[in-house]
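Engineer: when you get a sec, could you give me coordinates for this:
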Amino acid sequence: MPNLINSRLDLPTGSMNYIRFGDGAKNLIIIPGVEDGLKSLKVSALSYPMFYRPLTQDFTVWVFSRRDNLPEGMTTREMAEDLNLAMDVLDLSQAAVMGISLGGMIAQWLAIDHPDRVRKLVLTVTASRANETGRAVIGHWIEMAKQGDYQGIMLDTAERSYTPERFRKVERALRMLGDFGKPESLDRFMIQATSCLNHYTYDQLYRIQCPTLVIGGTDDRIATAAGSINMAARIPGCELRMVEGLGHGLYEEEKGFLEWVRKFCV
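Structural biologist: Residues are numbered from 1 along each chain as shown. Now for the predicted structure:
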């Protein structure tokens, strides 16, 4: 992919990996989910421009990891403050912002606390608070992480996120990755997973003033359909798009997803 930059930022709070690609006139920031705690953005950099290629004519796309030195108990709001600092360093005064899962939680706080930063907001398979389903699932992942079961986390996440047909296609590769791709520590994953459990913007969503699109799946077994619907109902003027029959991985399975994002964010 031409114009791919894979680099690091030094912030007052620590160092952060980011990538930039595309040559569009408008900026689009993508905030990934809790997988950031399992797989380094520096290592996975090439997968992003390949997947998001349809957006690169209209946008210069920025993808931000969380900072390296995540302290125990770090919140989604504090992660949003890091992103705000990164925008300062990179002289990104404003951008369209898309957050996926945990990334969507971080994006909510960025739009609430720094409304001048966010031109348009896309919240994908995320929620404003953890419900009973989310707490059970994320709690299960944290217990597996404590046992060092990287493969178990990967497989459980995929099985809950994808349709059975897609899961069958990726299961073998995930088992291989689970055998050989385990990070040195799962502490970073547990900190991010715990931040999901503690996330709460439900009473603050009225402060989001930019045009907002919420995309959820009717079969989301992690953030849940109710998480998307209830969140959208609290955001002024929010557009809600629920994808029938798909779940937490709908952004990979729904063929129209990138075009919806492109049209909304231009």
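Engineer: next, the distance between the ends of stretch 230-238.
Structural biologist: 11 Å (Cα to Cα, to the nearest Å).
Engineer: what's the average pLDDT for it?
Structural biologist: Averaging pLDDT along stretch 230-238 gives 98.
Engineer: kindly report the same for stretch 32-44.
Structural biologist: For stretch 32-44, mean pLDDT rounds to 87.
Engineer: what residues sit buried inside that stretch?
Structural biologist: P32, G33, V34, E35, D36, G37, L38, K39, L41, S44 (16 or more other Cβ atoms under 10 Å). In short, each C-beta sits where N, CA and C put it, glycine included.
Engineer: cool, and stretch 238-251?
Structural biologist: Within stretch 238-251, the residues scored as buried using 16+ other Cβ under 10 Å are C238, L240, R241, M242, V243, L246, G247, H248, G249, L250, Y251.
Engineer: please list all residues in contact with the residue lying closest to the second one once chain neighbours are set aside.
Structural biologist: If the residues on either side of it in the chain are set aside, L240 comes closest to A232, at 4.0 Å by Cβ to Cβ, 6 or more residues apart in numbering. For A232, the contact set (Cβ atoms under 8 Å, 6 or more residues apart in numbering) comprises T212, V214, G216, C238, E239, L240.
Engineer: and if we set it to 7 Å?
Structural biologist: Taking Cβ atoms under 7 Å, 6 or more residues apart in numbering, we find A232 in contact with V214, C238, L240.
Engineer: quick one: what helix or strand has it in it?
Structural biologist: Here A232 sits within helix 225-234, counting by DSSP states H and E.
Engineer: residues touching whichever helix or strand comes after that helix, excluding its own?
Structural biologist: The element immediately downstream of helix 225-234 (helix or strand, assigned by DSSP H and E) is strand 239-243. Strand 239-243 has contacts (Cβ under 7 Å, 6+ apart) with 212-218, 225, 228-229, 232, 250, 254, 260.
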